[in-house]
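Q: I'll drop the sequence and a predicted model, then ask my questions.
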Amino acid sequence: MQPSFAAPSLNYPGFMGDTEPQYRAWLCQRYLSLRELALADGTDAVTELEEIARAGSDEPVRERLLALAHRFGVDISVSPRVVSLPRPPIPQHLGHLYVCPNGGCARKEVRAPGDSVPLCALFEHSPLVPRSV
């Protein structure tokens, strides 16, 4: 049975363009699960996953990530999931928007009051940083 990760279709034309930041965000949100698959697959898979995760923001990761996901049997081309940010901005009592601490990916998370700050899995488990909306 193929592992399932609720992921947007990275080949879907309406998915904010086909850019590296979306792939990095996908990797960041699923890094720990992918690491478990890599550990089960072997040392070279762990090494490849870590190299992809540590790639600089100017280095492309798309092809390597797609190849590794294929190797694990993970489909990252599932039906699109479009999340639109609310307009007007999120009222303060509903939560805050948090973004990548390094600015290297397109990850955005809404944090409800009382929830812990989301962590970045790619940049030394740093907390995501708040952004005004």
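A: Great, that's in hand. The model shown is predicted, which means the values in this text are computed figures rather than measured ones. Numbers count the residues shown, from 1 in each chain.

Q: Where does the prediction get shaky in this structure?
A: Flagging of the chain using pLDDT under 70 yields the residue ranges 1-18, 77-95, 133.

Q: Now do the strands in it.
A: 96-99, 108-111, 129-131 (DSSP state E).

Q: right, and these - which one's nearest Thr19?
A: Among these, strand 108-111 comes nearest to Thr19, with 14.2 Å by Cβ to Cβ. (Glycine included, C-beta is placed from N, CA and C.)

Q: and the closest one, which strands flank it?
A: In the sheet, strand 108-111 lines up against strand 96-99 (antiparallel) (DSSP bridges).

Q: May I see the buried residues of the longest helix seen in the chain?
A: When the chain is parsed with DSSP state H, its longest helix is helix 20-41. Neighbour counts over helix 20-41 (16 or more other Cβ atoms under 10 Å) mark 20-31, 34-35, 37-38, 41 as buried.

Q: just stretch 104-113 next, same as before
A: Those would be 104-111, for stretch 104-113 by 16+ other Cβ under 10 Å.

Q: Pull it out as PDB, backbone CA atoms only.
A: The C-alpha coordinates for stretch 104-113 follow below in PDB (Å, rounded to 0.1, in the frame of the first residue of the first chain):
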ATOM      1  CA  GLY A 104      13.500  29.500   2.000                       C
ATOM      2  CA  CYS A 105      10.100  28.000   1.400                       C
ATOM      3  CA  ALA A 106       6.500  28.900   0.900                       C
ATOM      4  CA  ARG A 107       5.200  27.300   4.200                       C
ATOM      5  CA  LYS A 108       2.500  29.300   6.000                       C
ATOM      6  CA  GLU A 109       0.800  28.100   9.100                       C
ATOM      7  CA  VAL A 110      -2.100  29.600  11.100                       C
ATOM      8  CA  ARG A 111      -1.500  29.200  14.800                       C
ATOM      9  CA  ALA A 112      -4.600  29.200  17.000                       C
ATOM     10  CA  PRO A 113      -4.200  30.800  20.500                       C
END
